[in-house]
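In: predicted structure and sequence below. I'll ask about it afterward.
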Amino acid sequence: MWAKPIALESAERKVIMANTTITIAGSVVVLRSAHSLEELEKTAAYMPEALMLKDDNGNVYFTLTPGVVGIAKHNNLTYSETAPDGSGKACLTLPRPAGDDAKKAVAAMYGPIIANANKVEEQVSAALAEVNAMLAAVEDQITVAGETELPDTETENG
């Protein structure tokens, strides 16, 4: 199945390729992000360009966004729900297209959207790593008045 996460080894670190998970359940198709709505919102706040795909001229041709209303169009996928499977990941429920072979029908209808979403999911993973590292570095520089540890004078004075 082409939507499973793939682990790649690099000389520097292990990289996990984040992909959209597709589940057909009766008359619906559930797309589950590799990220939570909170993570997508954090990315939108700090590195919104990571939620976009651009062509060679810099024109945006696809976006993946968190939102209030879920949408799957040729140029946008908007997650609006949290997956009911307990994973905490963002998801979107869509109608299952008609056809005897459910996998082929879903691939034909949603394939290009999912392929673009997979590319954005990878960008989001990289962006989140950068944003989380930046926020941790900033937090390390912050001192809250009254929370600074004072030296133990009894130990220092003997």
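Out: Looks like it came in fine.
In: let's verify the residue most central in space within the chain: helix, strand, or coil?
Out: Nearest to the centroid of the C-alpha atoms of the chain, with distances taken as Cα atoms, centre = their mean, sits His35, at 3.4 Å. Here His35 is recorded as coil under DSSP: H, G, I helix; E, B strand; the rest coil.
In: contacting residues for it?
Out: By Cβ atoms under 8 Å, 6 or more residues apart in numbering, the contact list for His35 reads 18, 43, 89-90, 121, 124-125, 128. C-beta: built from backbone N, CA, C; applies to glycine.
In: quick check: closest non-adjacent residue to Ala102.
Out: Sequence neighbours aside, Ile24 is the residue nearest to Ala102 in space, at 5.0 Å (criterion: Cβ to Cβ, 6 or more residues apart in numbering).
In: tell me the least confident of the contacts of His35?
Out: Note: of the contacts of His35, the lowest pLDDT belongs to Ala18, at 72.
In: how far off centre is the longest helix along the chain?
Out: Ranked by residue count under DSSP state H, the longest helix found in the chain is helix 102-141. Computed by Cα atoms, centre = their mean, to the nearest Å, the chain-centroid distance of helix 102-141 equals 4 Å.
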